[in-house]
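Peer 1: what follows is a protein structure lacking sequence information:
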């Protein structure tokens, strides 16, 4: 449904996206993750035709963006990070405006807008000015706008950044329903690794390149047996011992516990050293055991070059 | 010892809308306190009142012993504030930004700019223009600007929104280093894992402070049992559990569902209910409550 071949974009001599081969299949939710500045936003803008590539090609629903940009774009709904609605128009007027911009005939949008508003749960607020909507409602209206022309592909650039956990829950339920009920294909970027875990497949971008791709399960498998969870006190002692233990590649806080990434060749000795070291310094280990790696562990390992 | 922040029935109305509704709490020196709540629940309005930028409609607050209403000028020079949309001069270098804001605050101490650059590990970038920095480094510089005048108290309003997980973690390491030097920190965030690192956490909803306690105590107050429900039929199972008696709330978490139930519910009763709706492929485990469970439970149930 989305395909790219050797896609590239440079700004002057600074490459933002390099040799990107992407294939997103119908009905997938594809998550694009990576450090800030890795090229996620540029990739999404290339996919929706808002930016022209300096190399390679994009195809949406089998239509080449370069040859038939208008037709290709007709299949795409796009929600940018800084999406702006018209504050002084109502919910329904916003939808109408963007439907007309997308070239929907006058009669067609009306029925469609009722459907979409019902879908995102904004029906009771159709007549409310956008300025009087809560952040969560604005986000739903933005999604409704992206859906108004019945796209087959939905591109979302960090749709949940700065959004509270309750609103994120609602938003994801809508995305999952869109894929399940309307058979839309979704590609989104997110800084939340719990959201990425929900995607069908995840691609990790670094410096403009796709360095890793797979199902969340297969990516987590890359670190199998290398992540241990530790809780103990006092924090200073634990941190000091960990920083002095070879074989501990990184120690990250996960809630009230630490996740240790271990060098597979020094695993056992590292564990023994930690236990002895913390004890020798008068600290206490409450819990130390292997855990299933999270996608966030994988993200950190990839960002720091441990994978 | 006098608390660093004491809010007493703090209230702010905008017309007929009550943004902050009789909020009372206190914060002791050296604490890192998280302030959570849905968008629009009154977090930023509370901070603005504590900074003396907004007058309370009712109630009062003291910050560093000064009344926020009458002695706001004394507060401002002693606290640091990093807002959601921090203002940096993009055409100036990192160092020039720090020098400029230092000048505004009347910072006279020799070497304070160097000290701040070094505390935030910004030395390498000091001569770079802000325009070319990544969002993570800009965020760090914004923190530098907020602490250039050596405040005793730091307010951070969603400081880590929109940065990647590694940058976010590094940023928190810096916050912890600051807290270790005795600075008190009050921080709003939408990241529940960040809130877990705070000594105490307040949860706002609809302008009211529903709870403020240590993450550990907050989790202990969650009534009932937390379950992980793994199934390929995620949304179908979601809809079944949403309506199941005895299930207090259900939500998406990573690629599975989390449900909070009354004590009497067992894995078998959940399994049976799902099976009755044709959902057979299910795995259910008990799990420890997370702060996100508490947040969703408190903030979600009182709408």
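Peer 2: Received it, and whenever you're ready, just let me know what you need. In this text, all values refer to a predicted model and were calculated from it rather than measured experimentally.

Peer 1: what does the stretch 101-250 of chain B have sitting close to chain A?
Peer 2: For the stretch 101-250 of chain B, the residues in contact with chain A (C-beta under 8 Å from any C-beta of the partner chain) are B:134-136, B:158, B:161-169, B:172, B:190, B:192-193, B:196-197, B:215-216, B:234-235, B:238. For every residue, glycine as well, the C-beta is placed using N, CA and C.

Peer 1: how does chain A divide into domains?
Peer 2: Domain ranges of chain A: A:2-219, A:225-291, per automatic domain parsing.

Peer 1: quick one: closest of those domains to residue B:88.
Peer 2: Comparing the domains of chain A against residue B:88 with C-beta to C-beta, the closest turns out to be domain A:2-219 (15.8 Å).

Peer 1: just give me the longest helix of chain A.
Peer 2: helix A:165-182 (DSSP state H).

Peer 1: can that one be said to contact chain B?
Peer 2: Yes - residues of helix A:165-182 are located near chain B by C-beta under 8 Å from any C-beta, namely A:165, A:166, A:167, A:169, A:172, A:173, A:176, A:177, A:180.

Peer 1: name the next helix or strand downstream of that helix, please.
Peer 2: strand A:185-189 (DSSP states H and E).

Peer 1: could you see whether chain B lies near the helix or strand just after that next one?
Peer 2: Proceeding N to C from strand A:185-189, the next assigned helix or strand is helix A:193-196, under DSSP H and E. Yes - Helix A:193-196 reaches chain B (C-beta under 8 Å from any C-beta) through A:193, A:194.

Peer 1: distance between helix A:193-196 and the chain's centre?
Peer 2: Its chain's C-alpha centre and that of helix A:193-196 lie 7 Å apart, by C-alpha atoms, centre = their mean, to the nearest Å.

Peer 1: with stretch A:67-78 instead?
Peer 2: Distance, centroid of stretch A:67-78 to centroid of chain: 22 Å (C-alpha atoms, centre = their mean).

Peer 1: check what pLDDT residue B:109 gets.
Peer 2: Note on residue B:109: pLDDT of 85.

Peer 1: SS state for it?
Peer 2: Assigned state for residue B:109: coil (three-state reduction, DSSP: H, G, I helix; E, B strand; the rest coil).

Peer 1: number of residues surrounding it?
Peer 2: Residues near residue B:109, counting by other C-beta atoms under 10 Å in any protein chain shown, number 11.

Peer 1: and residue B:45, by the same measure?
Peer 2: Residue B:45: 22 neighbours (other C-beta under 10 Å).

Peer 1: contacting residues for it?
Peer 2: B:12, B:19, B:20, B:54 (C-beta atoms under 8 Å, 6 or more residues apart in numbering or on different chains).

Peer 1: so it sits in a helix?
Peer 2: Yes - looking at residue B:45 with three-state DSSP, it is inside a helix.

Peer 1: what pLDDT, on average, does the longest helix of chain A get?
Peer 2: 89.

Peer 1: swap in stretch A:53-67?
Peer 2: The model assigns stretch A:53-67 a mean pLDDT of 96.

Peer 1: buried ones in that stretch?
Peer 2: A:53, A:56, A:58, A:59, A:60, A:61, A:63, A:65 (16 or more other C-beta atoms under 10 Å in any protein chain shown).

Peer 1: re earlier: tell me the one among the contacts of residue B:45 nearest to chain A.
Peer 2: Nearest to chain A among the contacts of residue B:45 is residue B:19, at 12.6 Å by C-beta to the nearest C-beta.

Peer 1: re the thing from before, out of the buried residues of stretch A:53-67, which comes closest to chain B?
Peer 2: So of the buried residues of stretch A:53-67, ranked by how close each gets to chain B (C-beta to the nearest C-beta), first place is residue A:53, at 22.9 Å.

Peer 1: hmm, residue A:9 and the closest one touching each other?
Peer 2: Yes - counting by C-beta atoms under 8 Å, residue A:9 is a contact partner of residue A:53 at 5.4 Å.

Peer 1: now the common contact residues for these two.
Peer 2: Joint contacts of residue A:53 and residue A:9 (C-beta under 8 Å, 6+ apart) are A:17, A:46.
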